[in-house]
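Engineer: Show me the folded form of this:
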Amino acid sequence: EVLATGRPVSAEVQFPSLPGFQWAYEVKFPITDANGNVTAIGGFAVDITERKRAEANLRASETRLLHAQETAHVGHWEWDRTTDRITWSEEAGRILGWTEADSGRIDEVWVASIHPEDRDRVVAVATEVWKNGIPNDIEYRIVDSRGAIRYLRERVDPIRDQDGSYIGLLGTVQEITEYKKALIALQEARDETGRHERRLRDAIESMKDAVSLYDADDRLALRNEPFETLYPVIADLLKPGAKFEDILRQDVARGGVPAAVGREEEWIAERLARHRAADARFELELPGNRWVLVGERRTSDGGIVVVQTDITALKVAEQALRTSETRLRTFLENAPVGVSIKDRDGRFLMVNRMSQTGFGISEDAIIGRRIGDLVPDDGAEVVVEMDREVLATGRPVSAEVQ
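Structural biologist: Below you'll find the model as predicted:
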(Lines give C-alpha, C1' and ligand atoms only; values in the text may rest on other atoms or scores of the structure.)
Protein backbone atom coordinates (compact mmCIF):
# COMPACT_ATOMS: atom_id res chain seq x y z
CA GLU A 1 0.00 0.00 0.00
CA VAL A 2 2.92 2.32 0.75
CA LEU A 3 4.46 1.54 -2.62
CA ALA A 4 1.17 1.96 -4.42
CA THR A 5 0.07 5.19 -2.79
CA GLY A 6 3.28 6.72 -1.57
CA ARG A 7 1.62 7.47 1.78
CA PRO A 8 2.27 6.10 5.28
CA VAL A 9 -0.07 3.49 6.75
CA SER A 10 -0.53 2.08 10.27
CA ALA A 11 -2.27 -0.88 11.90
CA GLU A 12 -2.35 -3.03 15.04
CA VAL A 13 -0.88 -6.41 14.09
CA GLN A 14 -0.88 -9.71 16.02
CA PHE A 15 2.14 -12.06 16.01
CA PRO A 16 1.09 -15.10 18.09
CA SER A 17 4.28 -17.07 17.25
CA LEU A 18 6.82 -14.39 18.18
CA PRO A 19 8.70 -15.01 21.46
CA GLY A 20 8.86 -11.28 22.16
CA PHE A 21 5.66 -9.32 21.73
CA GLN A 22 2.45 -10.79 20.35
CA TRP A 23 0.88 -7.43 19.43
CA ALA A 24 2.51 -4.43 17.75
CA TYR A 25 1.46 -1.04 16.50
CA GLU A 26 3.08 -1.00 13.05
CA VAL A 27 3.72 2.18 11.03
CA LYS A 28 5.04 1.99 7.43
CA PHE A 29 6.11 5.07 5.44
CA PRO A 30 7.79 5.77 2.07
CA ILE A 31 11.43 6.81 1.67
CA THR A 32 11.87 8.87 -1.52
CA ASP A 33 14.75 10.24 -3.61
CA ALA A 34 15.18 13.84 -4.76
CA ASN A 35 12.63 13.31 -7.48
CA GLY A 36 9.98 11.98 -5.08
CA ASN A 37 10.30 8.39 -6.17
CA VAL A 38 9.84 5.73 -3.48
CA THR A 39 13.17 4.02 -3.15
CA ALA A 40 12.59 2.24 0.17
CA ILE A 41 10.04 1.59 2.87
CA GLY A 42 10.69 2.69 6.40
CA GLY A 43 8.83 1.45 9.46
CA PHE A 44 8.69 1.17 13.24
CA ALA A 45 6.77 -1.08 15.64
CA VAL A 46 5.55 -0.39 19.18
CA ASP A 47 4.91 -3.30 21.56
CA ILE A 48 1.24 -3.06 22.60
CA THR A 49 0.92 -6.62 23.95
CA GLU A 50 0.16 -5.52 27.52
CA ARG A 51 -2.38 -2.96 26.32
CA LYS A 52 -4.16 -5.59 24.22
CA ARG A 53 -4.18 -8.01 27.16
CA ALA A 54 -5.62 -5.29 29.36
CA GLU A 55 -8.28 -4.56 26.74
CA ALA A 56 -9.12 -8.26 26.50
CA ASN A 57 -9.37 -8.52 30.29
CA LEU A 58 -11.54 -5.43 30.39
CA ARG A 59 -13.89 -6.86 27.76
CA ALA A 60 -14.06 -10.14 29.69
CA SER A 61 -14.73 -8.23 32.90
CA GLU A 62 -17.45 -6.19 31.22
CA THR A 63 -18.98 -9.38 29.83
CA ARG A 64 -18.97 -10.96 33.28
CA LEU A 65 -20.43 -7.79 34.78
CA LEU A 66 -23.20 -7.65 32.18
CA HIS A 67 -23.95 -11.34 32.75
CA ALA A 68 -23.98 -10.86 36.54
CA GLN A 69 -26.22 -7.82 36.22
CA GLU A 70 -28.62 -9.68 33.96
CA THR A 71 -28.67 -12.69 36.26
CA ALA A 72 -29.20 -10.60 39.41
CA HIS A 73 -31.50 -8.15 37.64
CA VAL A 74 -29.07 -5.35 38.51
CA GLY A 75 -28.19 -2.51 36.17
CA HIS A 76 -26.28 0.72 36.51
CA TRP A 77 -26.44 4.26 35.17
CA GLU A 78 -24.21 7.32 35.40
CA TRP A 79 -24.97 11.04 35.27
CA ASP A 80 -22.30 13.54 34.24
CA ARG A 81 -23.00 16.79 36.03
CA THR A 82 -20.90 18.83 33.57
CA THR A 83 -22.64 17.63 30.40
CA ASP A 84 -25.95 16.76 32.09
CA ARG A 85 -25.79 13.48 30.18
CA ILE A 86 -26.99 10.11 31.46
CA THR A 87 -25.62 6.78 30.24
CA TRP A 88 -26.91 3.39 31.31
CA SER A 89 -26.22 -0.31 30.99
CA GLU A 90 -28.36 -2.64 28.94
CA GLU A 91 -29.84 -4.23 32.06
CA ALA A 92 -30.63 -0.84 33.58
CA GLY A 93 -32.46 0.07 30.38
CA ARG A 94 -34.44 -3.14 30.53
CA ILE A 95 -35.36 -2.61 34.19
CA LEU A 96 -36.24 1.08 33.88
CA GLY A 97 -37.73 0.86 30.40
CA TRP A 98 -35.25 3.33 28.92
CA THR A 99 -34.29 3.27 25.21
CA GLU A 100 -31.92 5.34 23.09
CA ALA A 101 -34.94 7.28 21.87
CA ASP A 102 -35.40 8.53 25.44
CA SER A 103 -31.98 10.22 25.55
CA GLY A 104 -32.34 13.86 26.49
CA ARG A 105 -35.61 13.33 28.34
CA ILE A 106 -34.75 10.55 30.79
CA ASP A 107 -36.01 12.57 33.77
CA GLU A 108 -39.42 12.94 32.17
CA VAL A 109 -39.62 9.26 31.18
CA TRP A 110 -38.48 8.07 34.60
CA VAL A 111 -40.84 10.26 36.63
CA ALA A 112 -43.79 9.25 34.43
CA SER A 113 -43.04 5.55 35.06
CA ILE A 114 -43.08 5.83 38.87
CA HIS A 115 -46.20 4.45 40.54
CA PRO A 116 -48.56 7.35 41.40
CA GLU A 117 -48.59 6.39 45.07
CA ASP A 118 -44.77 6.52 45.25
CA ARG A 119 -44.07 9.42 42.86
CA ASP A 120 -44.02 12.39 45.24
CA ARG A 121 -41.84 10.60 47.78
CA VAL A 122 -39.34 9.33 45.21
CA VAL A 123 -39.09 12.63 43.30
CA ALA A 124 -38.45 14.50 46.56
CA VAL A 125 -35.62 12.11 47.46
CA ALA A 126 -34.16 12.22 43.92
CA THR A 127 -34.18 16.01 43.91
CA GLU A 128 -32.25 16.16 47.17
CA VAL A 129 -29.72 13.61 45.88
CA TRP A 130 -29.30 15.43 42.56
CA LYS A 131 -28.85 18.87 44.11
CA ASN A 132 -26.49 17.96 46.94
CA GLY A 133 -24.88 14.68 45.91
CA ILE A 134 -26.15 12.84 48.97
CA PRO A 135 -26.00 9.01 48.89
CA ASN A 136 -29.37 7.31 49.10
CA ASP A 137 -30.97 3.89 48.97
CA ILE A 138 -34.66 3.71 48.12
CA GLU A 139 -37.33 1.20 47.15
CA TYR A 140 -40.24 2.14 44.92
CA ARG A 141 -42.62 0.86 42.27
CA ILE A 142 -42.85 1.61 38.59
CA VAL A 143 -45.59 0.84 36.06
CA ASP A 144 -44.06 -0.57 32.88
CA SER A 145 -45.30 -0.13 29.32
CA ARG A 146 -47.61 -3.14 29.71
CA GLY A 147 -49.20 -1.71 32.84
CA ALA A 148 -47.51 -4.23 35.15
CA ILE A 149 -46.34 -3.05 38.56
CA ARG A 150 -42.67 -3.78 39.25
CA TYR A 151 -40.67 -3.22 42.43
CA LEU A 152 -37.19 -1.64 42.29
CA ARG A 153 -34.39 -0.99 44.74
CA GLU A 154 -32.04 1.82 43.71
CA ARG A 155 -28.76 2.93 45.26
CA VAL A 156 -27.28 6.31 44.24
CA ASP A 157 -23.80 7.56 45.19
CA PRO A 158 -22.04 10.80 44.27
CA ILE A 159 -19.03 10.79 41.94
CA ARG A 160 -16.22 13.14 43.03
CA ASP A 161 -13.01 14.15 41.36
CA GLN A 162 -9.57 14.06 42.95
CA ASP A 163 -10.30 17.36 44.67
CA GLY A 164 -13.50 16.04 46.17
CA SER A 165 -15.75 18.12 43.98
CA TYR A 166 -19.17 16.68 43.16
CA ILE A 167 -19.12 15.88 39.42
CA GLY A 168 -21.90 13.34 38.93
CA LEU A 169 -23.94 10.41 40.19
CA LEU A 170 -23.59 6.64 39.90
CA GLY A 171 -26.73 4.58 40.36
CA THR A 172 -27.36 0.86 40.62
CA VAL A 173 -30.89 -0.39 40.17
CA GLN A 174 -32.19 -3.86 40.94
CA GLU A 175 -35.57 -5.33 40.15
CA ILE A 176 -36.95 -6.98 43.30
CA THR A 177 -40.48 -7.73 42.09
CA GLU A 178 -40.36 -11.46 42.83
CA TYR A 179 -38.73 -10.80 46.20
CA LYS A 180 -41.42 -8.28 47.15
CA LYS A 181 -44.18 -10.60 45.95
CA ALA A 182 -42.70 -13.35 48.08
CA LEU A 183 -42.57 -11.00 51.08
CA ILE A 184 -46.17 -9.93 50.52
CA ALA A 185 -47.29 -13.56 50.17
CA LEU A 186 -45.34 -14.47 53.30
CA GLN A 187 -46.91 -11.61 55.24
CA GLU A 188 -50.37 -12.60 54.02
CA ALA A 189 -49.67 -16.19 55.07
CA ARG A 190 -48.48 -14.97 58.47
CA ASP A 191 -51.58 -12.81 58.82
CA GLU A 192 -53.80 -15.75 57.89
CA THR A 193 -51.92 -18.00 60.29
CA GLY A 194 -52.34 -15.33 62.96
CA ARG A 195 -56.08 -15.18 62.31
CA HIS A 196 -56.34 -18.98 62.53
CA GLU A 197 -54.28 -18.97 65.71
CA ARG A 198 -56.46 -16.28 67.27
CA ARG A 199 -59.59 -18.23 66.36
CA LEU A 200 -58.01 -21.35 67.84
CA ARG A 201 -57.09 -19.48 71.01
CA ASP A 202 -60.59 -18.01 71.27
CA ALA A 203 -62.11 -21.46 70.78
CA ILE A 204 -59.82 -23.00 73.39
CA GLU A 205 -60.46 -20.18 75.87
CA SER A 206 -64.23 -20.60 75.45
CA MET A 207 -64.03 -24.24 76.52
CA LYS A 208 -64.80 -25.20 80.12
CA ASP A 209 -62.40 -28.12 79.85
CA ALA A 210 -58.70 -27.56 80.52
CA VAL A 211 -56.89 -27.68 77.15
CA SER A 212 -53.16 -27.66 76.46
CA LEU A 213 -51.28 -28.14 73.20
CA TYR A 214 -47.70 -29.40 72.94
CA ASP A 215 -45.58 -29.12 69.78
CA ALA A 216 -43.58 -31.89 68.10
CA ASP A 217 -40.74 -31.30 70.60
CA ASP A 218 -43.23 -31.77 73.46
CA ARG A 219 -43.05 -28.11 74.46
CA LEU A 220 -46.11 -26.21 75.63
CA ALA A 221 -47.51 -24.14 72.75
CA LEU A 222 -51.01 -23.21 73.95
CA ARG A 223 -53.08 -23.56 77.08
CA ASN A 224 -56.32 -22.00 78.26
CA GLU A 225 -57.25 -20.41 81.58
CA PRO A 226 -59.10 -23.49 82.98
CA PHE A 227 -55.85 -25.44 82.56
CA GLU A 228 -53.97 -22.93 84.70
CA THR A 229 -56.79 -22.89 87.25
CA LEU A 230 -56.69 -26.68 87.46
CA TYR A 231 -52.98 -26.69 88.33
CA PRO A 232 -52.27 -23.77 90.70
CA VAL A 233 -49.26 -25.60 92.13
CA ILE A 234 -47.36 -25.25 88.84
CA ALA A 235 -49.12 -22.20 87.35
CA ASP A 236 -45.80 -20.34 87.21
CA LEU A 237 -44.36 -23.02 84.89
CA LEU A 238 -47.19 -23.05 82.34
CA LYS A 239 -45.48 -20.82 79.82
CA PRO A 240 -44.98 -21.42 76.08
CA GLY A 241 -41.81 -23.41 75.47
CA ALA A 242 -41.87 -25.36 78.74
CA LYS A 243 -41.28 -29.09 78.22
CA PHE A 244 -44.01 -31.50 79.30
CA GLU A 245 -41.59 -33.66 81.30
CA ASP A 246 -40.21 -30.65 83.20
CA ILE A 247 -43.74 -29.53 84.08
CA LEU A 248 -44.68 -33.06 85.14
CA ARG A 249 -41.64 -33.51 87.38
CA GLN A 250 -42.25 -30.20 89.12
CA ASP A 251 -45.92 -31.09 89.62
CA VAL A 252 -44.88 -34.32 91.33
CA ALA A 253 -42.14 -32.59 93.36
CA ARG A 254 -44.56 -29.95 94.61
CA GLY A 255 -47.11 -32.54 95.74
CA GLY A 256 -49.56 -32.03 92.90
CA VAL A 257 -50.10 -35.76 92.23
CA PRO A 258 -51.39 -37.79 95.23
CA ALA A 259 -51.01 -41.08 93.36
CA ALA A 260 -47.26 -40.47 92.90
CA VAL A 261 -46.43 -40.13 96.61
CA GLY A 262 -43.87 -42.78 97.61
CA ARG A 263 -43.32 -43.98 94.01
CA GLU A 264 -42.43 -40.77 92.24
CA GLU A 265 -40.03 -41.98 89.54
CA GLU A 266 -42.14 -45.05 88.77
CA TRP A 267 -45.27 -42.93 88.41
CA ILE A 268 -43.47 -40.33 86.22
CA ALA A 269 -42.23 -43.11 83.90
CA GLU A 270 -45.77 -44.51 83.58
CA ARG A 271 -47.25 -41.07 82.94
CA LEU A 272 -44.64 -40.19 80.29
CA ALA A 273 -45.24 -43.49 78.48
CA ARG A 274 -48.99 -42.87 78.48
CA HIS A 275 -48.46 -39.27 77.28
CA ARG A 276 -46.19 -40.31 74.41
CA ALA A 277 -48.61 -43.00 73.31
CA ALA A 278 -51.37 -40.37 73.29
CA ASP A 279 -54.12 -42.87 72.55
CA ALA A 280 -56.10 -43.33 75.77
CA ARG A 281 -58.37 -41.69 78.32
CA PHE A 282 -57.78 -42.09 82.04
CA GLU A 283 -58.76 -40.61 85.38
CA LEU A 284 -56.26 -38.60 87.42
CA GLU A 285 -56.57 -37.53 91.05
CA LEU A 286 -55.51 -34.01 92.01
CA PRO A 287 -54.95 -32.49 95.46
CA GLY A 288 -58.05 -31.65 97.46
CA ASN A 289 -59.95 -34.81 96.38
CA ARG A 290 -60.41 -33.41 92.88
CA TRP A 291 -60.50 -35.61 89.80
CA VAL A 292 -60.04 -35.05 86.04
CA LEU A 293 -60.64 -37.24 83.02
CA VAL A 294 -57.56 -36.90 80.80
CA GLY A 295 -57.69 -37.48 77.04
CA GLU A 296 -54.59 -37.16 74.84
CA ARG A 297 -54.39 -37.29 71.04
CA ARG A 298 -51.53 -36.71 68.63
CA THR A 299 -51.89 -33.95 66.03
CA SER A 300 -51.00 -34.23 62.33
CA ASP A 301 -47.75 -32.27 62.84
CA GLY A 302 -46.51 -34.53 65.64
CA GLY A 303 -47.75 -32.50 68.57
CA ILE A 304 -50.11 -33.65 71.35
CA VAL A 305 -53.34 -32.05 72.47
CA VAL A 306 -54.41 -32.74 76.06
CA VAL A 307 -58.01 -32.22 77.19
CA GLN A 308 -58.83 -32.55 80.91
CA THR A 309 -62.42 -32.56 82.13
CA ASP A 310 -63.15 -31.92 85.79
CA ILE A 311 -65.12 -34.96 86.97
CA THR A 312 -64.94 -34.19 90.68
CA ALA A 313 -68.74 -33.87 90.98
CA LEU A 314 -69.18 -37.17 89.13
CA LYS A 315 -66.67 -38.92 91.40
CA VAL A 316 -68.44 -37.52 94.47
CA ALA A 317 -71.78 -38.75 93.10
CA GLU A 318 -70.28 -42.18 92.35
CA GLN A 319 -68.93 -42.39 95.88
CA ALA A 320 -72.28 -41.32 97.29
CA LEU A 321 -73.98 -43.97 95.16
CA ARG A 322 -71.56 -46.64 96.33
CA THR A 323 -72.16 -45.59 99.93
CA SER A 324 -75.92 -45.68 99.36
CA GLU A 325 -75.68 -49.09 97.70
CA THR A 326 -73.59 -50.38 100.59
CA ARG A 327 -76.16 -49.14 103.07
CA LEU A 328 -79.03 -50.62 101.07
CA ARG A 329 -77.23 -53.92 100.75
CA THR A 330 -76.55 -53.97 104.49
CA PHE A 331 -80.20 -53.26 105.18
CA LEU A 332 -81.43 -55.94 102.78
CA GLU A 333 -78.99 -58.52 104.05
CA ASN A 334 -80.22 -58.00 107.59
CA ALA A 335 -83.92 -57.68 106.76
CA PRO A 336 -86.09 -60.39 108.48
CA VAL A 337 -87.89 -61.13 105.17
CA GLY A 338 -86.77 -62.55 101.84
CA VAL A 339 -86.02 -59.83 99.29
CA SER A 340 -85.15 -60.38 95.63
CA ILE A 341 -84.93 -58.54 92.30
CA LYS A 342 -85.60 -60.19 88.92
CA ASP A 343 -85.31 -59.07 85.31
CA ARG A 344 -88.31 -59.04 82.92
CA ASP A 345 -87.67 -62.66 82.05
CA GLY A 346 -87.96 -63.70 85.68
CA ARG A 347 -84.28 -64.35 86.25
CA PHE A 348 -82.93 -63.43 89.69
CA LEU A 349 -80.57 -60.47 89.76
CA MET A 350 -80.24 -60.14 93.53
CA VAL A 351 -81.36 -62.07 96.61
CA ASN A 352 -80.73 -61.30 100.27
CA ARG A 353 -79.61 -63.67 102.97
CA MET A 354 -83.17 -64.58 104.07
CA SER A 355 -84.04 -65.56 100.46
CA GLN A 356 -80.99 -67.77 100.28
CA THR A 357 -82.06 -69.39 103.52
CA GLY A 358 -85.54 -69.98 102.11
CA PHE A 359 -84.18 -71.69 98.97
CA GLY A 360 -81.56 -73.52 100.97
CA ILE A 361 -78.81 -72.68 98.46
CA SER A 362 -76.18 -69.94 98.00
CA GLU A 363 -76.62 -66.66 96.11
CA ASP A 364 -74.36 -67.87 93.27
CA ALA A 365 -76.65 -70.85 92.70
CA ILE A 366 -79.70 -68.54 92.48
CA ILE A 367 -78.52 -65.55 90.40
CA GLY A 368 -79.44 -65.88 86.73
CA ARG A 369 -82.02 -68.65 87.23
CA ARG A 370 -85.85 -68.61 87.34
CA ILE A 371 -87.95 -69.74 90.28
CA GLY A 372 -89.18 -72.70 88.25
CA ASP A 373 -85.59 -73.86 87.94
CA LEU A 374 -85.23 -73.85 91.70
CA VAL A 375 -88.63 -74.96 93.06
CA PRO A 376 -90.68 -77.88 91.59
CA ASP A 377 -93.84 -77.00 93.56
CA ASP A 378 -97.06 -75.49 92.16
CA GLY A 379 -96.28 -72.40 94.20
CA ALA A 380 -93.58 -71.55 91.69
CA GLU A 381 -96.22 -71.13 88.94
CA VAL A 382 -98.25 -68.88 91.25
CA VAL A 383 -95.18 -66.63 91.70
CA VAL A 384 -94.65 -66.57 87.91
CA GLU A 385 -98.24 -65.40 87.41
CA MET A 386 -97.76 -62.72 90.03
CA ASP A 387 -94.66 -61.52 88.16
CA ARG A 388 -96.66 -61.36 84.91
CA GLU A 389 -99.36 -59.29 86.60
CA VAL A 390 -96.77 -56.81 87.89
CA LEU A 391 -95.36 -56.45 84.37
CA ALA A 392 -98.82 -56.04 82.85
CA THR A 393 -100.28 -53.60 85.38
CA GLY A 394 -97.24 -51.86 86.81
CA ARG A 395 -98.74 -52.32 90.27
CA PRO A 396 -97.62 -54.35 93.29
CA VAL A 397 -99.42 -57.64 94.02
CA SER A 398 -99.34 -59.94 97.02
CA ALA A 399 -100.40 -63.45 97.91
CA GLU A 400 -99.74 -66.28 100.31
CA VAL A 401 -97.95 -69.06 98.41
CA GLN A 402 -97.06 -72.60 99.46
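
Engineer: any idea whether residue 104 is helix, strand or coil?
Structural biologist: Put simply, residue 104 is coil when judged by DSSP: H, G, I helix; E, B strand; the rest coil.

Engineer: Ok, residue 139 next?
Structural biologist: Of the three states, residue 139 takes strand under three-state DSSP.

Engineer: residues near it, how many?
Structural biologist: 13 (other C-beta atoms under 10 Å). C-beta: built from backbone N, CA, C; applies to glycine.

Engineer: Neighbours of the residue lying closest to it once chain neighbours are set aside, how many?
Structural biologist: For residue 139, ignoring the flanking residues on the chain, the nearest one in space by C-beta to C-beta, 6 or more residues apart in numbering is residue 153 at 5.0 Å. Per other C-beta under 10 Å, the neighbour tally for residue 153 reads 17.

Engineer: I'd say residue 153 and residue 174 touch.
Structural biologist: Yes. Judged on C-beta atoms under 8 Å, residue 153 makes contact with residue 174 at a distance of 4.9 Å.

Engineer: Could you check which helix or strand contains residue 130?
Structural biologist: helix 116-132 (DSSP states H and E).

Engineer: Same question for residue 170.
Structural biologist: Counting by DSSP H and E, residue 170 is found in strand 166-175.

Engineer: Give me the residues contacting that strand.
Structural biologist: 72-82, 92, 95-96, 129-130, 132-133, 150-161 (C-beta atoms under 8 Å, 6 or more residues apart in numbering).

Engineer: List the buried residues of the next helix or strand after that strand.
Structural biologist: The first helix or strand that comes after strand 166-175 along the chain, using DSSP H and E, is helix 177-206. Neighbour-count burial for helix 177-206 flags 177, 180, 204 (criterion: 16 or more other C-beta atoms under 10 Å).

Engineer: follow-up on the earlier one: neighbouring strands - and their directions - for the strand holding residue 170?
Structural biologist: Paired neighbours of strand 166-175 in the sheet (DSSP bridges): strand 74-80 (antiparallel), strand 149-160 (antiparallel).

Engineer: out of the ones you listed, which comes closest to residue 340?
Structural biologist: With C-beta to C-beta as the measure, strand 149-160 is the member of these nearest residue 340 (89.3 Å).

Engineer: which parts of that closest one are buried?
Structural biologist: Using 16+ other C-beta under 10 Å as the test for burial, strand 149-160 gives 150, 151, 152, 153, 154, 156, 157, 158.

Engineer: Tell me the one among the residues you listed nearest to residue 238.
Structural biologist: Here the nearest of the buried residues of strand 149-160 to residue 238, counting by C-beta to C-beta, is residue 151; it sits at 44.1 Å.

Engineer: any idea how far the nearest residue to the closest one once chain neighbours are set aside is from residue 75?
Structural biologist: In space, and not counting its chain neighbours, residue 151 is closest to residue 180: 4.0 Å by C-beta to C-beta, 6+ apart. Going from residue 180 to residue 75 by C-beta to C-beta, to the nearest Å gives 17 Å.

Engineer: number of nearby residues for residue 310?
Structural biologist: Around residue 310 there are 18 other residues, counting by other C-beta under 10 Å.

Engineer: Across the sheet, point out what pairs with it.
Structural biologist: residue 292.

Engineer: residues contacting it?
Structural biologist: By C-beta under 8 Å, 6+ apart, the contact set of residue 310 is 209, 210, 230, 290, 291, 292.

Engineer: need the helix or strand of the protein with the lowest average pLDDT.
Structural biologist: When the helices and strands of the chain are scored by mean pLDDT, DSSP states H and E, helix 49-72 comes last with a mean of 61.

Engineer: Identify each buried residue in stretch 231-242, please.
Structural biologist: So, applying 16+ other C-beta under 10 Å, buried residues of stretch 231-242: 231, 233, 234, 237, 242.

Engineer: for it, the distance to its chain's centre please.
Structural biologist: Stretch 231-242 sits 24 Å away from the centroid of its parent chain (C-alpha atoms, centre = their mean, to the nearest Å).

Engineer: And for stretch 77-85?
Structural biologist: Worked out by C-alpha atoms, centre = their mean, stretch 77-85 lies 49 Å from the chain centre.

Engineer: Same question for stretch 102-119.
Structural biologist: The chain centroid and the centroid of stretch 102-119 are separated by 40 Å, computed with C-alpha atoms, centre = their mean.

Engineer: contact partners of that stretch?
Structural biologist: For stretch 102-119, contacts defined as C-beta under 8 Å, 6+ apart pick out 86, 96, 97, 98, 122, 123, 140, 141, 142, 143, 144, 149.

Engineer: As JSON lines, these with pLDDT and distance to residue 348 would be great.
Structural biologist: Shown next, in JSON lines, are the contacts of stretch 102-119 (pLDDT from 0 to 100; distance: C-beta to C-beta, whole Å):
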{"residue": "86", "pLDDT": "90", "distance to residue 348": "109"}
{"residue": "96", "pLDDT": "89", "distance to residue 348": "100"}
{"residue": "97", "pLDDT": "89", "distance to residue 348": "99"}
{"residue": "98", "pLDDT": "88", "distance to residue 348": "104"}
{"residue": "122", "pLDDT": "95", "distance to residue 348": "97"}
{"residue": "123", "pLDDT": "94", "distance to residue 348": "101"}
{"residue": "140", "pLDDT": "94", "distance to residue 348": "93"}
{"residue": "141", "pLDDT": "94", "distance to residue 348": "90"}
{"residue": "142", "pLDDT": "94", "distance to residue 348": "94"}
{"residue": "143", "pLDDT": "94", "distance to residue 348": "93"}
{"residue": "144", "pLDDT": "91", "distance to residue 348": "94"}
{"residue": "149", "pLDDT": "93", "distance to residue 348": "87"}
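
Engineer: Tell me the most packed of these, by neighbour count.
Structural biologist: Going by other C-beta under 10 Å, residue 96 tops the contacts of stretch 102-119 with 24 neighbours.

Engineer: wait, doesn't residue 90 sit right on residue 75?
Structural biologist: Yes. Using C-beta under 8 Å, residue 90 makes contact with residue 75 at a distance of 7.4 Å.

Engineer: neighbour count winner among the two?
Structural biologist: The neighbour comparison of residue 90 against residue 75 (other C-beta under 10 Å) goes to residue 75, with 25 against 11.

Engineer: where in the protein is pLDDT low?
Structural biologist: Counting by pLDDT under 70, the ranges of the chain that qualify are 56-73.
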